[in-house]
Every structure is written in C-alpha cells, then in structure tokens.
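# predicted model follows, preceded by the sequence.
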Amino acid sequence: MRIDKSINMLSPAKAAFYSAVLPGLGQIYNKQYWKLALVYGGIGAGIYYINDNTKEYNRYRKAYFDRKNGLPDEFTLYNDNVLVDAQQYYKRQRDTAIMFTILAYFLNIIDANVSAHLKQWNVNKHLSFNTVELNLPNKKTIGLGVHYSF
C-alpha cells in the first residue's frame, strides 16, 4: 500500500480551527472563496435580526414600564396585554435568531473541515462507476457497481 505524500493530515483540523477563530477563514484556507458569501450572509443575517428584535423588544418593554409607572408612552392605542404579547413575540424572535446565528457559525466550521477532508479524496483515472442492468422475471432492476483497478 502506497501512501500519497501530498496529503496533509492536519489540513482538516487547520481549516476547522481557522473557521472557529474567524468565520470564513477555513473556506479561504480551502480556496473556496465563493462560500464566504454564504458564511457571512448567514451569520450577518442572524446578527441583524438579533439587533432588530432586541430593539423592538426594548421599545415595547420600556412602553410597558412607563405605563405602569404612570408615564406617557409611544403606544397609546395599545392596551397592556398587547404590550406584553409584543414583548414575548420579539423575545422569542430574538432567541430564534440567536440559535440561527450559532447554527450558522457551527455549520461554517463543519463545512471547512469536511471540505478539507474531501480535497484529499483520491479521484483518478482508475476509479470508475458502472451501471449494471439485471433482468429478472417480470422485474427490471438497475444496480451500481464501483470498480477500482490497480
């Protein structure tokens, strides 16, 4: 068995580490620059929605506390129940955005690691796929065969 010297066994670990330190850096290490838009789009969208929902949550929360303390608030047309429901809604949306952002961050790391592993995959002219058609009584079956020659 011959070992290919061009395979760097630390490459997947490096790519995952780089992506953990700075999202997208593992994709740059793997030379998959087009994935940067996906990484920063996912994480950026999550951060945007976290900030937006936090602002709205704080607006309704402040209005509710102002009303309870006898101060005027910006939502004069809404009753107390609407303010409480709005706070719960925006808090739930913020928490969902936080989970989405964390998921996007971890998918970034996993993608960098898997892509680095797949770069080491041995694909050469000796590897081929063949389809085989088997005719059985009253049935037609298609199979897939893999052939590797030395």
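Now that the structure is in, tell me what you want to look at.
# which SSE is the residue nearest the centre of the chain in?
The chain has A104 as the residue nearest its centroid, 3.1 Å off, counting by C-alpha atoms, centre = their mean. Applying DSSP states H and E as the criterion places A104 in helix 80-119.
# and for K55?
helix 35-68.
# which of the residues in that helix are buried?
35, 38-39, 42-43, 46-47, 49-50, 53-54, 56-57, 59-61, 63-64, 67 (16 or more other C-beta atoms under 10 Å). Just so you know, the C-beta spots here come from the backbone N, C-alpha and C atoms, and that holds for glycine as well.
# coming back round to it: what is the helix holding A104 packed up against?
Here helix 80-119 touches helix 11-21, helix 25-29, helix 35-68, going by 3 or more C-beta pairs under 8 Å, 6 or more residues apart in numbering; DSSP states H and E.
# dump the ones you listed to CSV, plus mean pLDDT.
Converted to CSV, these look like this (pLDDT from 0 to 100):
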stretch, mean pLDDT
helix 11-21, 93
helix 25-29, 94
helix 35-68, 95
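# how about those helices in CSV, adding distance to V84?
Formatted as CSV, the helices and strands packed on helix 80-119 follow (distance: least, C-beta to C-beta, whole Å):
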stretch, distance to V84
helix 11-21, 39
helix 25-29, 43
helix 35-68, 7
